[in-house]
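Colleague: pasting the sequence and the predicted model now:
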Amino acid sequence: MACCIAWVPRDRYRFEIAMTKSISESATTGAMGRSYPSMPPDRVSARWLGLVVAVLGLALLVIAATLQPADAGLGTHRALGLPECNWISTMDLPCPTCGMTTAFSHTVRGHWIQAFRAQPLGLVFCIVAAMAVLGGLWTALTGAPLGSLVTAVWNRWWGWGLVALALAAWAWKILMHRGVF
């Protein structure tokens, strides 16, 4: 459908986009002169973005499901051909992400306590990855903007809470490594 986009003042400070039909509608008429609505480009791109998010989240979960979790609570990433954590080998201190792969691997198997012991933030991120798969599929199927799913529940307190959780999870991992727990 051929259309014009116009900025229409809504009030003194806000404007909205108004879609107006142009004189020629020949781009969307069929053989019988019948008009066929087309999907706006922003909904098509939202669907593709949702599909990409769902596929990436599913890939993370599938990889985690194929790995056997390490008994030590870290080191599962070595099965992917990745090197040993340099923090542990040089400073005898786990890095902030130590145990993430192990936590993912435990979480997809439903071993919540072992996942928490391996890396609490990894447990949370695995659940978020599963939610991203569902949200991405929802967006891919409905065309709903992906951002609306996130902004419906996200605010600045969630951001600060995530920072606090990351620091607490790292402290937990350090204490576990030192043998306190």
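Modeller: Structure's in. What do you need?
Colleague: and the spatially most central residue of the chain, how far is that from Asp92?
Modeller: For the chain, the residue nearest the mean C-alpha position is Ala132 (4.6 Å; C-alpha atoms, centre = their mean). Look at Ala132 and Asp92: by C-beta to C-beta, to the nearest Å, they are 35 Å apart. Using the backbone N, CA and C atoms, a C-beta is placed for each residue, glycine as well.
Colleague: what's the answer for Leu121, then?
Modeller: From Leu121 to Asp92 the distance is 21 Å (C-beta to C-beta).
Colleague: okay, those two: which has more neighbours?
Modeller: Remark: of Leu121 and Asp92, Leu121 carries more neighbours, 22 against 9, as counted by other C-beta atoms under 10 Å.
Colleague: tell me the contacts of the more buried one?
Modeller: The contact partners of Leu121, by C-beta atoms under 8 Å, 6 or more residues apart in numbering, come to 100, 103, 165-166, 169-170.
Colleague: please indicate which of those residues are buried?
Modeller: 100, 103, 166, 169-170 (16 or more other C-beta atoms under 10 Å).
Colleague: now do the longest helix along the chain: which elements does it pack against?
Modeller: In the chain, taking DSSP state H as the definition, the longest helix is helix 41-66. The contact analysis (3 or more C-beta pairs under 8 Å, 6 or more residues apart in numbering; DSSP states H and E) places helix 41-66 against helix 100-108, helix 120-142, helix 146-151.
Colleague: now do the domain split for this structure, please.
Modeller: Per the record, the chain has its domains at 1-38, 40-178, by automatic domain parsing.
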